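Engineer: model this:
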Amino acid sequence: MSWLSSSQGVVLTAYHPSGKDQAVGDSHAKGGEEATSSRRYGQYTMNQESTTTRVMEKPPFDRSISQDSLDELSMEDYWIELENIKKSSENRQEDQEVVVVKEPDEGELEEEWLKEAGLSNLFGESAGDPQESMVFLSTLTRTQAAAVQKRVETVSQTLRKKNKQYQIPDVRDIFAQQRESKETAPDDTESQSLRTNENKYQGRDDQASNLVGEEKLIPPEETPAPETDINLEVSFAEQALNQKESSTEKIQKSKGDDATLPTFRLPKDKTGTTRIGDLAPQDMKKVCHLALIELTALYDVLGIELKQQKAVKIKTRDSGLFCIPLTVLLEQDQRKVLGTRIPLIFQKLISRIEEGGLETEGLLRIPGAAIRIKNLCQELEAKFYEGTFNWESVKQHDAASLLKLFIRELPQPLLSVEYLKAFQAVQNLPTKKQQLQALNLLVILLPDANRDTLKALLEFLQRVIDNKEKNKMTVMNVAMVMAPNLFMCHALGLKSSEQREFVMAAGTANTMHLLIKYQKLLWTIPKFIVNQVRKQNTENHKKDKRAMKKLLKKMAYDREKYEKQDKSTNDADVPQGVIRVQAPHLSKVSMAIQLTEELKASDVLARFLSQESGVAQTLKKGEVFLYEIGGNIGERCLDDDTYMKDLYQLNPNAEWVIKSKPL
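Structural biologist: Here you go, the predicted model:
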């Protein structure tokens with residue numbers, strides 16, 4: 001069941017917006033077709049207009065800014081791909097049973113949202129004692145707090161209407177308690193140190209991290225970052241709000257063609273860039289909670305409506321290759337190859353395409369023969385896991401068609417049922433930078449299996465584009481071909497006008513373009529979210545420490561003795577300005593390293609690896625990493641360009657360990 005959806009319809013018709021496109025469509029159409037027909041095939045719905053009534057007809061509507069950029073390319077590849085999907089589905093003739101579930105009301109959707117955000121104890125039977133969420137709420141920005149407050153109020157109103165017996169906290173009381181907690185909290189050295197050192201670049205941006213309950217408005221940034229920089233230090237929603245409050249700055253939509261897209265970059269962060277996969281699971285869970293709240297806050301600030309979508313339940317097979325849930329497929333793959341994170345069939349299809357050479361003209365665009373694709377599917381289902389399938393018989397274009405078929409026949413879309421509507425709504429955000437910020441948060445929110453498979457797909461698509469001089473597949477060509485396969489889903493089978501269909505086609509193609517072009521940026525966890533996790537961990541540690549001291553006092557232990565022991569374990573007899581790095585799996589198990597302004601994580605690794613001998617000497621860069629463990633983070637893998645002194649100041653109680661990444 002999903003809580004997100006855009007306000008636009010999403011079913012795309014095989015409508016050709018120009019005479020040129022119509023002629024292309026005619027070349028693929030069968031003679032003697034009915035004037036109008038509506039088909040359900042697999043997961044997709046498409047309304048096919050009679051080709052005889054559409055010849056040379058111009059669209060009866062004005063185009064939006066996002067469409068103008070696509071007119072130059074005439075979207076020919078997009079409409080041809082839709083026609084190919086239709087043909088492929090007719091030959092497959094495999095209908096899935098779809099059960100439409102009763103649509104939840106707004107209160108139920110917001111209740112689900114609060115659960116996903118880790119705030120379920122603010123309502124229901126566990127409500128009345130919101131202390132568990134107080135630490136979490138204390139780390140929220142102004143816009144994040146507003147997003148939470150809005151959902152809590154909706155849930156509270158809904159539950160009151162239903163005459164629930166349990167106590168429902170008033171949202172004003174929750175945030176009032178948070179304000180009182182903040183005002184009365186003593187200033188201790190640890191919290192001061194964290195606030196001072198967590199972001200030495202913040203300055204004016206530090207105001208954007210105001211805690212819940214502060215009524216002071218955040219002024220716009222005095223000197224905004226260059227357009228090409230993606231500011232990861234300040235909440236995206238706060239940046240959007242600051243931009244709205246600054247009347248001097250005009251917001252314009254930028255066109256989607258490759259020539260006009262900015263070259264976005266991430267400014268270097270001395271405490272290290274954090275990427276998806278770098279954090280321990282317990283911290284990644286907190287990141288996802290915060291990313292969900294931040295995404296909602298961003299959409300709220302920009303006035304993008306996110307409604308519910310129809311909940312659907314699909315009866316699926318529990319084994320095989322196609323039409324199988326990703327998680328089920330990975331479970332059966334992991335029985336064959338331990339640690340598999342990307343479906344084996346998916347990997348093999350990509351390999352087969354690349355074996356044929358990425359210089360092939362029209363790669364991904366030219367379809368394989370539909371009957372042959374159907375036969376290959378059946379043969380793969382029977383022989384793939386047995387290892388008897390003859391891959392030499394699979395032509396390159398057939399492998400590409402099978403790859404796209406695999407993606408669009410997933411029972412739940414690769415971009416996930418929960419967030420597919422939010423992905424589609426990205427096109428409605430005012431600027432490319434904000435669209436990119438939303439995509440960054442959405443990638444973080446994807447389930448692991450979906451995210452890993454999407455990453456493998458985008459990396460493959462980039463390799464195809466790298467050969468565009470020979471294969472004639474530019475980034476927009478590839479985006480046009482792939483968009484229908486990722487963004488069309490049975491769960492979105494709603495009728496819509498032709499104008500809306502064209503807008504959706506243009507928008508999804510542009511979103512696909514952004515996913516491909518900026519993929520290296522999208523797997524980064526924003527620093528402001530990592531810092532919020534650090535704050536949560538710090539407050540939780542203090543809470544646990546207070547509870548332990550109270551327990552020890554009750555047990556008649558000497559409180560000062562405990563505090564001295566605690567201090568000695570943290571200090572570990574290491575001189576000031578020196579860190580001790582542990583490497584339990586290397587021959588040089590431990591080393592004391594003097595911190596300097598220029599010392600990087602890569603330098604620490606180099607010192608250890610240079611002293612290795614025997615088997616360990618064969619270790620290469622990229623096989624072992626330096627980790628920051630404990631203190632105000634659970635566990636974090638450091639990138640090579642992390643400046644160790646800056647990170648030490650941010651997390652002085654951490655341990656430093658060299659080890660390999662887990663599978």
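
Engineer: Surely residue 656 is in contact with residue 582?
Structural biologist: Yes. Contact between residue 656 and residue 582 holds when scored by Cβ atoms under 8 Å: they sit 6.8 Å apart. (Each C-beta comes from the backbone N, C-alpha and C, glycine too.)

Engineer: got the residue ranges for the helices in the stretch 251-400 of the chain?
Structural biologist: Secondary structure of the stretch 251-400 of the chain (DSSP state H, counting those that start in this stretch): helices at 281-301, 326-334, 344-355, 370-383, 396-408.

Engineer: okay, the ones you listed in TSV with mean pLDDT, mean neighbour count and distance to residue 662 next?
Structural biologist: As requested, the helices of the stretch 251-400 of the chain are arranged in TSV below (pLDDT from 0 to 100; neighbours: other Cβ atoms under 10 Å; distance: least, Cβ to Cβ, whole Å):
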stretch	mean pLDDT	mean neighbour count	distance to residue 662
helix 281-301	96	22	10
helix 326-334	94	18	14
helix 344-355	96	18	20
helix 370-383	92	16	31
helix 396-408	95	22	27
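
Engineer: Residue 432: which of those is closest?
Structural biologist: With respect to residue 432, and counting by Cβ to Cβ, the nearest of those is helix 281-301 at 14.3 Å.

Engineer: same for that closest one, what does it pack against?
Structural biologist: Where contact means 3 or more Cβ pairs under 8 Å, 6 or more residues apart in numbering; DSSP states H and E, helix 281-301 is packed against helix 106-116, helix 142-161, helix 236-245, helix 420-425, helix 432-445, helix 527-554, strand 633-637.

Engineer: List just the one of the ones you listed that sits closest to residue 601.
Structural biologist: Proximity to residue 601 (Cβ to Cβ) singles out strand 633-637 among these, at 9.5 Å.

Engineer: elements contacting the closest one?
Structural biologist: Counting contacts by 3+ Cβ pairs under 8 Å, 6+ apart, strand 633-637 is packed against helix 281-301, helix 527-554, strand 625-630.

Engineer: Would you tell me what the next helix or strand after that strand is?
Structural biologist: Once the chain leaves strand 633-637, the next helix or strand it forms, by DSSP states H and E, is helix 644-650.

Engineer: Show the average pLDDT along the next helix or strand along the chain from that next one.
Structural biologist: The helix or strand immediately downstream of helix 644-650 is strand 655-659, counting by DSSP H and E. Mean pLDDT, strand 655-659: 95.

Engineer: likewise stretch 232-250?
Structural biologist: 82.

Engineer: what's the angle between the helix or strand where residue 502 lies and helix 432-445?
Structural biologist: For residue 502, the element it lies in under DSSP H and E is helix 498-517. The directions of helix 498-517 and helix 432-445 differ by 70 degrees, with axes from the mean of the first three to the mean of the last three Cα atoms, to 10 degrees as the criterion.

Engineer: Buried residues of helix 498-517, list them for me.
Structural biologist: In terms of neighbour count (16 or more other Cβ atoms under 10 Å), helix 498-517 has its buried residues at 500-517.

Engineer: ditto for stretch 264-280
Structural biologist: Judged by neighbour count using 16+ other Cβ under 10 Å, the buried positions of stretch 264-280 are 264, 269-274, 276, 278-279.

Engineer: now the end-to-end length of that stretch.
Structural biologist: Across stretch 264-280, the terminal residues are separated by 28 Å (Cα to Cα, to the nearest Å).

Engineer: Surely residue 402 touches residue 373?
Structural biologist: Yes. The criterion here is Cβ under 8 Å, and residue 402 meets it with residue 373 at 6.4 Å.
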